[in-house]
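1. Make a model of this:
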Amino acid sequence: MKNNKLFIAIIIALVLGVVLGGFVHYNTSPEFIASFSTNIKILGTIFIRLIQMIIAPLVFSTLVVGIAKMGDMKMVGRVGGRAMGWFITASLVSLMIGLVVVNVTQPGVGLDLTPDSSSAEDLLKAKSNLSLQHFVEHMIPKSVFEAFSTNEILQIVVFSIFFGVALAAFGKEGEPLVKAFDKISHVVLIMVGYVMWTAPLGVLGTIAAAVANYGFGIFALYLKYLAAFSLGIILLWLVLLAVGYLIIGKRLFDLLRHIKEPLLIAFSTTSSEAVFPKLVEELEKFGAQKKIISFTLPLGYSFNLDGSMMYMTFASIFIAQVYGIDMPIEKQLLMLLVLMLTSKGVAGVPRASLIVVVATCSMFGIPPEGIALILPIDHFCDMARSMTNVLGNALSTVAVDKWEGHVAVEQEFVHDDDLKA
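-> Residues are numbered from 1 along each chain as shown. Okay, here's the model as predicted:
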C-alpha cells in the first residue's frame, strides 16, 4: 500500500508540474519565468542531493558484501563476465537501433533551423575531456575519499571490488566486518524509504521548470525529431522486454510492477542515478539475490546505459542530416564502434550523452555546433533515456541472477505489501 501511495503522489506531482509550468509560461513575463524556474527547480535539487547523499555508502557496502559472500573468486569472474557480455551486446543493439531509425525516418532532412552555438559552449569545451587518459583517470581513483565525496560510481566500484576480494580472501576473520557492512547496507536502505517521500516534490519542481521555460510549443516545433526519437525508444523497449520475457518468462510483468516507481521517477527527474537506491530495494523485493544485485547493478550504471546509447547514434546522424553531410553506411558503422568505446568513459558525467555526441561529431567532420539544435528539447529526450537506462539495468541484473541458477527468479514471488495486506 505504501508503494501505491507514493506512485499516486508522483503521478499527481507530474500532472501539477505540467499544469503549473504551462500556466507560468503562457501567462507571465520572461523575467518571472526565469525567476520561477530557478526557484521551483530547488525542489528537484533537494531530492537529487538527498539521493546522492546515500549512493556512495550504499554502492560500497552492498558491493563489498556481495563479493565477500560469493567467496569463490571464480564465481565473481563468472558473474562479471556474464554481466559484461549483456552490457556489450545491449550497447551494440541500442546503438544499431538509433542508427536504423534515424536513417529510415530522416528527421534532420529539410530542417531549416539556425543553431545558436553560444548555448552549447559548455558542451563544446567538455568534449576535450574525452581521451584515453581521461577514461583511466575517471575509472581508477587516486583517493577513495575523493571518489566518495564526488560520487564517482565507477571509481567506487573499482575500489569496492578490490576491497571485497581482499575481504573474501581474509576468510573467517573477516566475517564480522562482512556482517557490519551488511547491517550498514540495510540501514541505508531504510534511509532510502525516508528520502523517497521527497520524490513527488522533486518531480513537481523539475517538470514545472522545464515546461515554464519551453512551453508546449517546443513539442510542435520539433515534432518530427521527437516522433522519430520516440519510435527508437519504443523499438528498444520492445527488444529489451522481448529478451526479458525469453529469460524470465511471465515474471517479467512482476518485475515491471516492482520497478514502476523507479521508472517514473527517472522519467520525471531525468536522472537514472536518482533511483539507484530504490531500484536496489525493489529488485530485492522481486526476489533477486542480494549478492548479484550489489555486484551487477553498480557495474550497469557505468557500462549499461541503453537509452543513452541509442540516443548517441540518433543525435549524431541527425546533426549530419541537418547540415547535409553525406554519411555512407561504412562511416556510420565506424561511428557506432567509436561511440561504443568513448561512451564507456563518461558514466556519471552530467549530460554525458551530449558530450559524447559533440566529440563524435568533431571526429567525423560534422559541425559540433549543431548540438545547439537539440538542446531546447534535450530535457524531454533525457526523460525517455533515463527511464530506458533503468529498465536495461533492472533486466540485466535479473538476467544474470537467472543465469546463476537462482530459482527464486523462476518462481512466483509475493510482494511484502501483499503479505501485510
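
2. which element is Ala83 on?
-> Following DSSP states H and E, the helix or strand that holds Ala83 is helix 73-105.

3. What is the neighbour count of Ser91?
-> Burial measure for Ser91: 24 neighbouring residues, criterion other CB atoms under 10 Å. Every C-beta, even on glycine, is put in place using the N, C-alpha and C of the backbone.

4. Grab the nearest non-local neighbour of it.
-> Sequence neighbours aside, Met309 is the residue nearest to Ser91 in space, at 5.0 Å (criterion: CB to CB, 6 or more residues apart in numbering).

5. doesn't Met96 make contact with that neighbour?
-> No. Between Met309 and Met96 there is no contact under CB atoms under 8 Å: 9.5 Å.

6. With neighbour numbers in mind, choose between those two.
-> In this view Met309 and Met96 are compared by other CB under 10 Å, and Met309 has more residues nearby, 31 against 16.

7. Let me know the pLDDT of the residue nearest to Ser91.
-> Note on Met309: pLDDT of 87.

8. Let me see the contact set for it.
-> With contacts defined as CB atoms under 8 Å, 6 or more residues apart in numbering, the neighbours of Met309 are 90-91, 94-95, 98, 339, 343.

9. can you put these in CSV and add pLDDT and distance to Gly193?
-> Converted to CSV, those look like this (pLDDT from 0 to 100; distance: CB to CB, whole Å):
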residue, pLDDT, distance to Gly193
Ala90, 91, 30
Ser91, 88, 33
Ser94, 92, 32
Leu95, 92, 37
Gly98, 93, 36
Leu339, 80, 38
Ser343, 63, 33
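
10. In ChimeraX, select just the buried ones from those.
-> Typed into ChimeraX, the next command selects the buried ones out of the contacts of Met309 (criterion: 16 or more other CB atoms under 10 Å):
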select :90,91,94,95,98,339,343
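
11. which of the contacts of Met309 lies closest to Leu231?
-> Checking the contacts of Met309 against Leu231 with CB to CB, the nearest one is Gly98 at 10.5 Å.

12. wouldn't the closest one be in contact with Phe314 here?
-> Yes. With contact defined as CB under 8 Å, Gly98 reaches Phe314; the gap is 3.9 Å.

13. Could you name every residue contacting both of these two?
-> Between them, Gly98 and Phe314 share the contacting residues Gly232, judged by CB under 8 Å, 6+ apart.

14. one step back: show me whatever sits in contact with both of Met309 and Met96.
-> Common neighbours of Met309 and Met96 (CB under 8 Å, 6+ apart) do not exist.

15. what's the angle between the helix or strand hosting Met383 and helix 73-105?
-> Using DSSP H and E, Met383 maps to helix 371-403. On the basis of axes from the mean of the first three to the mean of the last three CA atoms, to 10 degrees, helix 371-403 is oriented at 140 degrees to helix 73-105.

16. pLDDT (mean, whole number) over helix 371-403?
-> In this model, helix 371-403 carries a mean pLDDT of 84.

17. and that helix, how far out from the chain's middle?
-> Counting by CA atoms, centre = their mean, to the nearest Å, helix 371-403 is centred 5 Å from the centre of its parent chain.

18. now stretch 28-35
-> 31 Å.

19. residues touching Ile140, list them.
-> Per CB under 8 Å, 6+ apart, neighbours of Ile140: 155, 158.
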